[in-house]
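>>> here you go, sequence then predicted model.
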Amino acid sequence: MKTQLAIQKFLHNRRGRNLKPKSIQWYEEQLRRFARFCPELPTNPEPVEEFLSRIEGSPETKHAYFRALKALYRFIHKRYGLANPIEQLEPPRCPRKIMPTLESHELMHLLNLAANPRDRTLITVFIDTGARLSELAGLRTQDIKTESIVVNGKSGEREIPISDETRRLLLGLIRANLKNDLVFTGSRGERLSRFVIYRLVRKVMKQAGIEGPKLGPHRIRHAFGKGYLVNGGDVRSLQQIMGHANITTTEKYTSLNLVDTIAKHHKFTPLQAAHAAAQESFFDTSAALREVEEILTRKEAEEPLTEKEAEEIPSDKKANRSAVSVGKTPLLPGLSGV
């Protein structure tokens, strides 16, 4: 079978399953290069492995190609009975990375830097809901409920709870633009595109001095997931709020919640034991120094002093030292010898 024909049938299947246009586009982009490399669909693993070996870029890029090929071959094998070489391949290694997030003071800085009520409302909704960029771009006035908003995400519509502050800002924005059923619009009432919203949020982040390769609404989404768990939220409700189809995606945020881990580290770190051992060693050294001083004092009492040392001794102490040197008891002040 020609690779291009297999890809077309695969994409028809995905469109028939009502996948999002963005998902269809992703598959097309990943598989187009494979069709050029292998005009005939390979049924053994070597050509597929060679194709993956030539992919340049980050480990995540190579892993994305692997996932697209895995979906393609799974469909072709199930529909036409052709061999699935992906089953004989190990997925490309993809090192674990910590998701970039934002601290509380950075989120507040973003709010303070918003240029107008629309931008402040937009950033507030991102922070309060963890919604995706595409979900807020199409937000309509009828989607604003008493304690939630309705968004259309990857897996369909869902409700996301909102705070009172967020609702007040949204209603204020709606009242200022009664002629439009869209919540977030441009100066001429047009819908804000995803790119415009992304560029807007990225600009505010740069103004706030936030650095990193991933500046945009999705970083605020990560900050929401982390903050929700740090403040006591549970994984199951977080999954519902963020719209994850699989809870394993939501569980990645648990690795960002280090509050309990940090507390245990401060309590059990070996550095504490090292400091304790050093302190104990200090006390042992002090005792040894005192013992040496006592030995030197006794030795000094038994050995005669040089003329220079004798001259340095005060006159009132010379009598006592002389008595000690001949084995007599020194006279105490105020008492006469017998």
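Perfect, I can see it now.
>>> what strand or helix carries residue 47?
Taking DSSP states H and E as the criterion, residue 47 maps to helix 45-53.
>>> ok, residues contacting that helix?
Residues from elsewhere that reach helix 45-53, judged by C-beta atoms under 8 Å, 6 or more residues apart in numbering: 34, 37-38, 42, 62, 65-66, 69, 85-86, 88-89, 92. In this view, the C-beta of every residue, glycine as well, is placed from N, C-alpha and C.
>>> can you list contacts of stretch 150-168?
For stretch 150-168, the external contacting residues (C-beta under 8 Å, 6+ apart) are 20, 23, 121, 124-125, 128-132, 134-136, 138-139, 143-149, 170, 240-241, 243, 245.
>>> hey, C-alpha coordinates of that stretch in PDB?
Presented in PDB, the C-alpha positions along stretch 150-168 are these (Å, rounded to 0.1, in the frame of the first residue of the first chain):
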ATOM      1  CA  VAL A 150     -19.000  26.800  30.100                       C
ATOM      2  CA  VAL A 151     -16.100  26.100  27.700                       C
ATOM      3  CA  ASN A 152     -15.700  23.900  24.700                       C
ATOM      4  CA  GLY A 153     -12.500  21.900  25.100                       C
ATOM      5  CA  LYS A 154     -10.800  18.900  23.500                       C
ATOM      6  CA  SER A 155     -13.300  16.400  24.800                       C
ATOM      7  CA  GLY A 156     -16.400  18.600  24.400                       C
ATOM      8  CA  GLU A 157     -18.100  21.100  26.700                       C
ATOM      9  CA  ARG A 158     -17.500  21.300  30.400                       C
ATOM     10  CA  GLU A 159     -18.200  23.600  33.300                       C
ATOM     11  CA  ILE A 160     -15.400  25.300  35.200                       C
ATOM     12  CA  PRO A 161     -16.000  26.900  38.600                       C
ATOM     13  CA  ILE A 162     -15.100  30.600  38.900                       C
ATOM     14  CA  SER A 163     -14.700  32.900  41.900                       C
ATOM     15  CA  ASP A 164     -16.900  35.900  42.700                       C
ATOM     16  CA  GLU A 165     -14.100  38.200  41.600                       C
ATOM     17  CA  THR A 166     -13.800  36.600  38.200                       C
ATOM     18  CA  ARG A 167     -17.600  36.700  37.700                       C
ATOM     19  CA  ARG A 168     -17.800  40.400  38.500                       C
END
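>>> how far is it from where the chain is centred?
24 Å (C-alpha atoms, centre = their mean, to the nearest Å).
>>> list the buried residues in that stretch.
By 16 or more other C-beta atoms under 10 Å, the buried positions in stretch 150-168 come out as 151, 152, 153, 158, 160, 162, 166, 167.
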